[in-house]
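Visitor: mind looking at a prediction? Sequence and model below.
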Amino acid sequence: MTRKRNANRNAGAPTLADVARLAGMSEITVSRVVRNQGPIADATRTRVLAAISQLGYIPNRAAGSLASAASTLMTVLLPSLSNIVFPDVLRGIHTAITETGFQSVIGVTDYDPLIEERILLSFLAWQPAAVILAGLHHTPTARKHLEQGRFRVAELMDIDGDPVDIAVGMSHRQAGYETGRHLIERGYRRFGYAGHMLISDDRAKARYQGLCEALREAGLSLVGEMRVPGGGSTIAGRELLEKLLAAHPDLDVVIFPNDDMAMGGIFYCIHAGIVIKERLGIFGFNGLDIGQAMPLPLSTILSKRFLIGKTAAEKLLESRERPPEKTIINTGFDIIEGATA
């Protein structure tokens, strides 16, 4: 699937001379501000920084070391490396570039768009050949730099939106919708949701919305839901299910936004003597190996994380030039029926 690129996208990146003209300063003065060298008046610094922000100028830190050769840096910004989902993505990227001469430079954003913006701007100063990010939503400043850059861009995990260059992943809203349809077809009617706050997790939010849509179409709705602040974990899933069932003991199925939390729900059921599937269905998301290694394999959605990373890197390697058409690659997802719902 392709979409036409905005014809007004700047043909070239702004230069130091462009910043100097806009700020009404000499290039030497602008260079001193950029490099933070020598005494600089506050008013001068403010004017230069304002011009840099307006133009989206990125200083070339690699000019001296890479002036004679094309960059072989591939910048990768991921929300987390403690969440096993993203190391799987990184493994796919590494598999694609390991024999190409390209090197990955990795930054961790902690799911914070402002941290992503800061790391991105720092990495762009080294003039990478390509940038890989998770998701399609970035700060306006980050989006501007991504759109204006002369590098390739791949946004991973999500395809429900407008990519800068290449999007590789799945429709999370569709995954949530199919989760609801799957469980309704299995006879569940009293649905609960136990998750984390959705403010910083666009993909979990999209799945939640898809789930609610499927329930509405069937004349149903969530009977009860609870959330924990911050990210989800196995312990949080266990504690949350206990509280949710105390408030809504008649639930017959509970959906979790990830397998980690769903595993915590399973552990609570074992502790409380709740017969899984017969008394309470448990459904997760991601298809992690640990969930499938349980005596009762977890019912969940399989996200094709390794394939997403590998496909994105391979697509970026096809050409250094950003084509006029945007590319969206749907790697899809699979429902793992499992034995818990």
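Guide: Nice, thanks for sending it over. The structure presented is a predicted model; accordingly, all values stated were derived computationally and were not measured.
Visitor: quick one: mean pLDDT over the lengthiest helix in the chain.
Guide: Secondary structure of the chain per DSSP state H: the longest helix is helix 202-217. The average pLDDT for helix 202-217 rounds to 95.
Visitor: now swap in stretch 226-244 and tell me
Guide: Per-residue scores along stretch 226-244 average to 89.
Visitor: what does it rub up against?
Guide: Residues outside stretch 226-244 that contact it (C-beta atoms under 8 Å, 6 or more residues apart in numbering): 80, 83, 111, 192-198, 201, 224-225, 247, 251, 254, 256-258, 260-265, 267-269, 271-272. Yep, even glycine has a C-beta here, placed from its N, CA and C like the rest.
Visitor: surely residue 58 meets residue 123?
Guide: No - contact status for residue 58 versus residue 123: not in contact, 9.7 Å apart, counting by C-beta atoms under 8 Å.
Visitor: which ChimeraX command selects the buried ones in the contacts of stretch 226-244?
Guide: Buried residues within these, by 16 or more other C-beta atoms under 10 Å, are selected in ChimeraX with:
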select :83,111,192,193,194,195,196,198,201,224,225,251,254,256,257,258,260,261,262,263,264,265,268,269
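Visitor: just the ones of the contacts of stretch 226-244 in strands?
Guide: 192, 193, 194, 195, 196, 224, 225, 254 (DSSP state E).
Visitor: the nearest residue to the second one once chain neighbours are set aside: what's it in contact with?
Guide: Just to be clear, that refers to residue 193. Spatially, and ignoring its direct neighbours in sequence, residue 193 is nearest to residue 225 (3.9 Å; C-beta to C-beta, 6 or more residues apart in numbering). Neighbouring residues of residue 225 by C-beta under 8 Å, 6+ apart: 192, 193, 194, 195, 244.
Visitor: bridged to the third one, which residues?
Guide: Yep, that's residue 194 we're talking about. residue 226 (DSSP bridges).
Visitor: in terms of pLDDT, where does it sit?
Guide: Predicted confidence (pLDDT) for residue 194: 96.
Visitor: which parts of the protein are helices?
Guide: Counting by DSSP H, the helices of the chain are 16-23, 27-35, 42-55, 63-66, 85-97, 113-124, 140-148, 172-185, 202-217, 234-247, 259-272, 289-292, 305-317.
Visitor: and the nearest residue to residue 170 once chain neighbours are set aside, what are its bridge partners?
Guide: For residue 170, ignoring the flanking residues on the chain, the nearest one in space by C-beta to C-beta, 6+ apart is residue 333 at 4.8 Å. Beta-bridge partners for residue 333, by DSSP bridges, are residue 303.
Visitor: start at 702, not 1
Guide: Sure, I'll start numbering at 702, so the last one becomes residue 1034.
Visitor: pretty sure residue 1034 contacts residue 1001?
Guide: No - contact criterion C-beta under 8 Å: residue 1034 and residue 1001 do not qualify, at 10.0 Å.
Visitor: can you list the domains in this protein?
Guide: The record's domain parsing of the chain by automatic domain parsing lists 702-758, 873-1004.
Visitor: mind checking how far the first one is from the chain centre?
Guide: The reference is to domain 702-758. 29 Å (C-alpha atoms, centre = their mean, to the nearest Å).
Visitor: what count of nearby residues applies to residue 1037?
Guide: Other residues near residue 1037 number 19, with proximity taken as other C-beta atoms under 10 Å.
Visitor: same thing with residue 799?
Guide: 11.
Visitor: what about the stretch 702-851 of the chain, any weak spots by pLDDT?
Guide: 702-713, 737-738, 761-771 (pLDDT under 70).
Visitor: identify the bridge partners of the residue most central in space within the chain.
Guide: Compute the mean C-alpha point of the chain, and by C-alpha atoms, centre = their mean the closest residue is residue 835, 2.9 Å away. Counting by DSSP bridges, residue 835 is bridged to residue 857.
Visitor: who touches it in this structure?
Guide: 778, 779, 780, 787, 790, 810, 856, 857, 858.
Visitor: hmm, 7 Å instead?
Guide: 779, 780, 857, 858 (C-beta atoms under 7 Å, 6 or more residues apart in numbering).
Visitor: over to residue 802?
Guide: residue 773.
Visitor: and it, how far from residue 958?
Guide: Between residue 802 and residue 958 the distance, using C-beta to C-beta, to the nearest Å, works out to 39 Å.
Visitor: can you put the domains of the chain in a markdown table and add distance to residue 847?
Guide: Rendered in a markdown table, the data for the domains of the chain read as follows (distance: least, C-beta to C-beta, whole Å):
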| stretch | distance to residue 847 |
| --- | --- |
| domain 702-758 | 10 |
| domain 873-1004 | 16 |
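Visitor: and residue 756, how close does it get to residue 828?
Guide: 17 Å.
Visitor: ok, those two, which is more surrounded?
Guide: residue 828 (22 against 19).
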